[in-house]
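> give me a model of this one.
(chains A and B)
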Amino acid sequence: MSATKFEAVIGLEVHVQLQTQTKAFTSASAAFGAAPNTHTDPYTLALPGTLPVLSRAAVDAAMRMGLACACDITRRGRFARKHYFYPDSPKGYQISQLDEPLCKGGVVEFVLDGTVRKVRLNRIHMEEDAGKSMHAPDAPISLVDYNRAGVPLVEIVSEPDLRSAAEAGAYLRAIRQLVRWLGISDGNMEEGSLRCDANVSVRPAGTEKLGTKAELKNMNSFKHVEAAIEYEIARQSDLVARGERVAQETRLWNADKGTSHAMRSKEQAHDYRYFPEPDLPPLVVDDAWLARVRDELPELPLARLARFESLGLSAYDAGVLTADRHTADYFDEVVRAGAPAKKATNWIMIDLAVRVPPAHLADLIALVDAGTISGKIAKDVYEKMRADGRAPRAIVEAEGLTQVSDAGAIERVCREVVDANPKQVAQYKGGNPKILGFFVGNVMKATQGKANPEMVNEILKRLLS
Amino acid sequence: MIEGVAEIARAVRERKISAVEVLEAHAARIAADTLGCFYRLDPTAREQARAVDGKIARGEDPGLLAGVPVALKDLFVTKGLETTAGSKILEGWVPPYEGTPSRKLREAGAIVVGKLSMDEFAMGSSNENSAYGPVRNPWDPTRVPGGSSGGSAAAVAAGLVAGALGTDTGGSIRQPAALTGTTGLKPTYGRVSRYGVVAFASSLDQVGPFGRSALDVAHLLQAIAGHDPHDATSLDRPVPDYRAACDKPLGALRIGIPAEYFKDTPQAMGASVSSAIDELVKLGATKVPVELPHTRYGIAAYYIVATAEASSNLARYDGVRYGLRVAGSSLAQMYARTRAAGFGAEVKRRIMLGTYALRSGYYDAYYLRAQKVRTLIKRDFQRAFERCDVIATPTAPSTAFALGAKVDDPLEMYLNDVYTIPASLAGLPGMSIPCGFIEGLPAGLQLLGPPLGEEMLFAVAGAYQRATDWHTRRPPR
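Sure, this is the predicted structure:
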């Protein structure tokens, strides 16, 4: 083996299923999970005489993604037909975009190892999904479910800016975060609403010329994407190191074996016979349409992250809170209801799945800050808020949980506890300060946890010294 | 005898005759037909007629086409009634939905009596590419009726129906209208919805009516024209009163005469068309020479664009979801066998041509170049229509030719559409009206208008038909 170091050059093609009510070119439902072939209609089945009619909602969703990635939006675009024969392609072609994609250029930004990485996009184009073929394991029979056929997709094509499997994984996660953030897809790789092909090549580190690339397919999870790229980098590096050529080909990842195998060579590649879709007029995006979609765009994840950090949150906390938009929105609402940012973060991060009303959480924090209840009681109150949805003040009042801060009353209880436990007093005085906790515990038990813990500590120390 | 769309609609509405009586008279003729116009009859025709009579009896509006018996080229998708597009590959296919043009006809009170013969997937100029047998020309049963809407033209010429719908991609309404002595209109591209019309070439296909007169055709177009949310290429423009247009005075009409359309025309056809133009001049029009210099590239460009689109549109006939399936030992073999058995020779020829034209690396040389020619042809017409209101030409180079005469020579067959193709490429409206007879066979005058110039065509055709009686001549029964 030579000692040459290799650098990987990776570009991803990511397909994202858009969550619209209807399919891209017909009014049939685009919902996932229905009984086979129930979300079909004459167009979906490519019955003779049917024609596509573009869903503006699908364009909205695609444009959202384009604007979020700072793409140029094509103001007069076109759809194209991409031909291939397969039973899950009912028309024998897929409506896609070739020369005039809806979104050109752009960039996806994400944080990796504490720094912001920018991956340039080549384009984002719209197309329709295919149906799903199912092959009977022990009969020469295939069945096709056309529910998915015609569901709108965007294909996000990156420039070859990625240099490692980990970077590719981070980029893909950023896309998933973004599509969920924008509300245009559930980004679920296992269910196939997010799909990824990777173009991988290697070159000696420090050189410019691109090596021959292989296209990797059939990676159904983030882990598979990273593993397949890792494997491919090693495979190609090995070939080049031995002086062999890398073939331009499409390779299928086999997750069970942890290897990939060649599916088709460049020579066997399909000729898709693209040509402009004559059944659809040009897609014209006028100023008003563009402005509306732009106005509806939420604050994007990285901008949110920076803002949360400026509120005094750690990079880690800000990252957790902006992992999805609902959590970030929730945090903002709690802060807006008056809670200090850091305290709001601590409460929210106890369990990200729990969302008590923002005003209730802000109130709870205020009750602790004002000394009305102790932090310990606050946790109980929080559990009750979760359980029955009552406001914290109502719980505190109804259950008499207000913190006791009357020094005389606390001292009375402390004295009783001290007097009742001479053995432990002796241990404390004998040089075991940890036994203080025993006294605190008993005082709290006697006051049902309502005694101000700081005062209890202070008084006990005084009584025991 | 009450004949024709306009007359029948009025008579039924005025209760001079019932829709059922009209239907019975036509059904008797259809039953006696030996021309082969119909593929199949609609068993609900009587029911439809009774429904119209019921509406009239109840005092409801029976619609513009009340009781008018019509028939459809068999590429109009009819719910519950087999639709084959003249192809074996769709044999037995019963659509679960109704297309827009036929739905609109029905809603206007027309009685759809059945489905008409056609060249397979509308590919042909003689109706001999029908997988279910040819159609004979009622003027001479040894001759073709033209195509691809040959059944539609012959059925109207023979009086089996009052009107019919066809489609015109490169001349498939105008040429058979000319060869059968009927009036046929290809409207502006997008004027009539293509939803529920089996596609041949999407950017060229246009639905249009056949009738005995311009007024009959105007009635039919009135019912079917307009925007359709199911067809994104249908024009969202108001539909004018086409019937009224038939009576419009010609005024200072300027008729453009393109020399390119006359120079190679056989003498007799040229003379027939010229005398028709002279008749229009007598009615007050003036002749204006116009130039359409890119006409000669029309057929070449057309056979790239049309076949490319056809190769794509016909990809869906794969044996998977409907129509013919011939089993094979692999998916590829099933596809190959199905399509080999299902498509006829001309359809295969065009699929291959179109597939070749769209191959990677050839797109620019063929499809893109053809589209550029198309733009030049469109521009020719734009310039011509700056100088004239309507263009007059022969519809076809010859009258009806003998069955079998051109089947072995595709190029010779393609040349039959030399005068109709340019307007198709430009998306313009074109009409063919009967303008005389050559050796006992009808000759057709083609009138071309600017985009959405249908009213102008109706005005000219209406005036001509008031002044002449060619359109009233009937073939021997």
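
> ok, the nearest residue to residue A:98 once chain neighbours are set aside - contacts?
Nearest non-adjacent residue to residue A:98, counting by CB to CB, 6 or more residues apart in numbering or on different chains: residue A:80, 4.1 Å away. Every C-beta, even on glycine, is put in place using the N, C-alpha and C of the backbone. Neighbouring residues of residue A:80 by CB atoms under 8 Å, 6 or more residues apart in numbering or on different chains: A:95-99, A:274-277.

> closest to chain B among those residues?
Of all the contacts of residue A:80, chain B sits closest to residue A:275, with 5.5 Å by CB to the nearest CB.

> and that closest one, how far is that from residue A:463?
Distance, residue A:275 to residue A:463, using CB to CB, to the nearest Å: 92 Å.

> who has more neighbours, these two?
residue A:275 (24 against 15; other CB atoms under 10 Å in any protein chain shown).

> who in the stretch 1-150 of chain B is up against chain A?
B:75-77, B:83, B:85, B:90, B:93, B:95-97, B:99 (CB under 8 Å from any CB of the partner chain).

> okay, the residues you listed in CSV with secondary structure, pLDDT and neighbour count next?
CSV is the format used below for the residues of the stretch 1-150 of chain B next to chain A (DSSP: H, G, I helix; E, B strand; the rest coil; pLDDT from 0 to 100; neighbours: other CB atoms under 10 Å in any protein chain shown):
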residue, secondary structure, pLDDT, neighbour count
B:75, coil, 98, 32
B:76, strand, 98, 29
B:77, coil, 98, 28
B:83, coil, 98, 26
B:85, coil, 98, 31
B:90, helix, 98, 24
B:93, coil, 98, 20
B:95, coil, 98, 22
B:96, coil, 98, 13
B:97, coil, 98, 18
B:99, coil, 98, 30
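
> what are the phi and psi values at the residue in the stretch 1-150 of chain A that chain B sits nearest to?
Closest approach of the stretch 1-150 of chain A to chain B (CB to the nearest CB) occurs at residue A:92, with a separation of 2.5 Å. Backbone geometry at residue A:92, expressed as degrees, to the nearest 10, gives phi 80, psi 0.

> quick one on the thing from earlier: pick the one among the contacts of residue A:80 closest to residue A:297.
residue A:97 (21.6 Å; CB to CB).

> does the closest one touch residue A:77 like I think?
Yes. Here residue A:97 reaches residue A:77: they are 6.6 Å apart, a contact under CB atoms under 8 Å.

> higher neighbour count, these two?
residue A:97 (26 against 20).

> tell me the contacts of the closest residue to the more buried one other than its chain neighbours?
Take residue A:97 and drop its neighbours on the chain: the residue closest to it by CB to CB, 6+ apart is residue A:125, 3.8 Å away. For residue A:125, the contact set (CB under 8 Å, 6+ apart) comprises A:96-98, A:101-103, A:154-155, A:157.

> what's the closest non-adjacent residue to the most centrally placed residue in chain A?
Closest to where the C-alpha atoms of chain A average out (CA atoms, centre = their mean) is residue A:177, at 3.2 Å. Leaving aside its chain neighbours, residue A:177 sits nearest to residue A:301 (5.9 Å; criterion: CB to CB, 6+ apart).

> check the one you found and give its pLDDT.
Per-residue pLDDT puts residue A:301 at 95.

> residues near it, how many?
By the criterion of other CB under 10 Å, residue A:301 has 24 neighbours.

> right, and the residue of the stretch 1-150 of chain A closest to chain B touches residue A:83 too?
Yes. The criterion here is CB under 8 Å, and residue A:92 meets it with residue A:83 at 6.2 Å.

> what is in contact with these two at once?
B:312, B:315.

> can you tell me the residue of the stretch 351-465 of chain A closest to chain B?
For the stretch 351-465 of chain A, CB to the nearest CB, closest residue to chain B: residue A:355, 41.5 Å.

> closest to the centroid, which residue in chain B?
Short answer for chain B (CA atoms, centre = their mean): residue B:173, at 2.4 Å.

> need the contact list for that residue.
B:149, B:152-153, B:166-167, B:184-186, B:208, B:210, B:432.

> and if we set it to 10 Å?
B:73, B:146, B:148-149, B:152-153, B:164-167, B:182, B:184-187, B:206-210, B:217, B:395, B:420, B:430-432 (CB atoms under 10 Å, 6 or more residues apart in numbering or on different chains).

> and the helix or strand that contains residue B:423, what other elements does it pack with?
Per DSSP states H and E, residue B:423 falls inside helix B:421-426. Contacts defined by 3 or more CB pairs under 10 Å, 6 or more residues apart in numbering or on different chains; DSSP states H and E place helix B:421-426 against helix B:174-180, helix B:298-313, helix B:369-387, strand B:390-394, strand B:430-438, strand B:441-448.
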